[in-house]
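A predicted structure for the sequence below; I have some questions about it.
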Amino acid sequence: MNPSPAISALIAEDEPVLAEALRGALAQQWPELNIVGLAQHGQEALDLALTHAPDVLFLDIRMPGLSGLEVAADLADAWPPAAHAQRAFPLLVFVTAYDQYAVAAFEAQAADYVLKPWREDRLQQTVTRLQTRLNPTHVGDPRANLEAALAMLRPLLSADAAPGPKPLRRIAASQGQTLHYVAVDEVLAFQAADKYVRVITAQAEYLIRTPLKALMAQLPPGDFWQIHRATLVRADALDRVVRDEVGALTVHLLGLGEPFAVSRLFAAQFKAM
């Protein structure tokens with residue numbers, strides 16, 4: 001009989017000293033754990049996770065580029081469909097400096113986390129929990145990890161996007177060298193692209209520098225649906241949603257030829273399909 005493959009983990013932490021400290025602490029408490037890599041920023045964490053498909057992913061919440069939550073969301077969206085996945089979606093452990101709001105959010109969603117600097121006893125609790133979940137006698141449907149991660153990530157990602165007291169009515173947005181004041185009522189979609197956010201109307205496209213998460217907090221409540229970590233679409237402009245042969249969804253808007261991809265994280269809005 002072949003021996004069971006070693007449990008693998010990836011550590012994403014932008015401070016090398018802390019990354020090595022966590023690797024050392026895990027080596028003491030879980031000697032059999034195979035650390036397949038250390039990532040110093042969000043995109044590297046995403047790339048390594050897709051390459052190595054680790055059983056466990058330790059994600060620093062604050063990293064250059066993509067945050068730990070954003071890495072988890074993008075990884076969930078890029079993970080192969082259940083019929084083609086060779087391994088289950090990684091178990092997620094978020095690593096954060098103490099923040100009462102972050103901790104409260106993690107606990108509300110039953111998300112596993114460790115605080116920096118971590119205590120040996122608290123890290124041991126996490127290790128024990130992971131070992132239990134990864135025990136072959138407890139492992140069930142490989143899709144369960146992904147579905148649990150999606151359910152956990154949705155409220156965590158939207159926690160910072162509560163509507164502000166005075167919703168925006170007009171947006172100062174650039175088109176070439178010209179600054180336009182675009183009525184929010186005319187906007188069909190917002191889409192993050194590199195350092196900018198595209199402001200898309202039926203007639204034109206503009207650019208703003210306000211991060212999408214910050215923009216979400218300023219928009220009229222209910223006017224826009226988030227369909228991807230990087231995309232908001234006007235709810236009353238929805239025309240149709242198309243499902244392809246592998247189950248991926250795209251949204252089509254009235255008055256706009258460009259379709260928009262729906263990530264797994266937000267596909268539940270269209271579960272009637």
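Thanks, I have the structure now.

any weak-confidence spans in the chain?
1-5, 82-86, 98, 101, 137-143, 159-165, 272-273 (pLDDT under 70).

how about the helices of it, start to end?
Ranges of helices in the chain, per DSSP state H, are 16-29, 42-52, 68-78, 100-108, 120-134, 143-158, 212-216.

Just give the number of residues close to residue 204.
Neighbour count for residue 204, taken as other CB atoms under 10 Å: 12. Placement of C-beta: from N, CA and C, glycine included.

What is the burial count for the nearest residue to residue 44 once chain neighbours are set aside?
Among residues not flanking residue 44 along the chain, residue 12 sits closest, at 7.6 Å (CB to CB, 6 or more residues apart in numbering). For residue 12, the tally of surrounding residues (other CB under 10 Å) stands at 27.

Report the beta-bridge partners for residue 12.
Counting by DSSP bridges, residue 12 is bridged to residue 39, residue 59.

For the residue nearest to the spatial centre of the chain, give its distance to residue 219.
In the chain, the C-alpha nearest the mean C-alpha coordinate belongs to residue 73, at 2.1 Å (CA atoms, centre = their mean). Note on residue 73: its distance to residue 219, by CB to CB, to the nearest Å, is 20 Å.

For the residue nearest to the centre of the chain, which residues are in contact?
By CB atoms under 8 Å, 6 or more residues apart in numbering, the residues touching residue 73 are 153, 157, 229, 263, 265.

for the nearest residue to residue 7 once chain neighbours are set aside, what are its contacts?
Once flanking residues are discounted, residue 7 sits nearest to residue 55: 4.9 Å by CB to CB, 6+ apart. Counting by CB under 8 Å, 6+ apart, residue 55 makes contact with 7-9, 87-88, 90-91, 134.

re earlier: how much space separates the residue nearest to residue 44 from residue 79?
Taking CB to CB, one finds residue 12 at 16 Å from residue 79.

repeat for residue 132
Residue 132 is 23 Å from residue 79, where distance means CB to CB.

Looking at those two, which one has more neighbours?
The neighbour count for residue 132 versus residue 79, taken as other CB under 10 Å, is higher for residue 79 (21 against 10).
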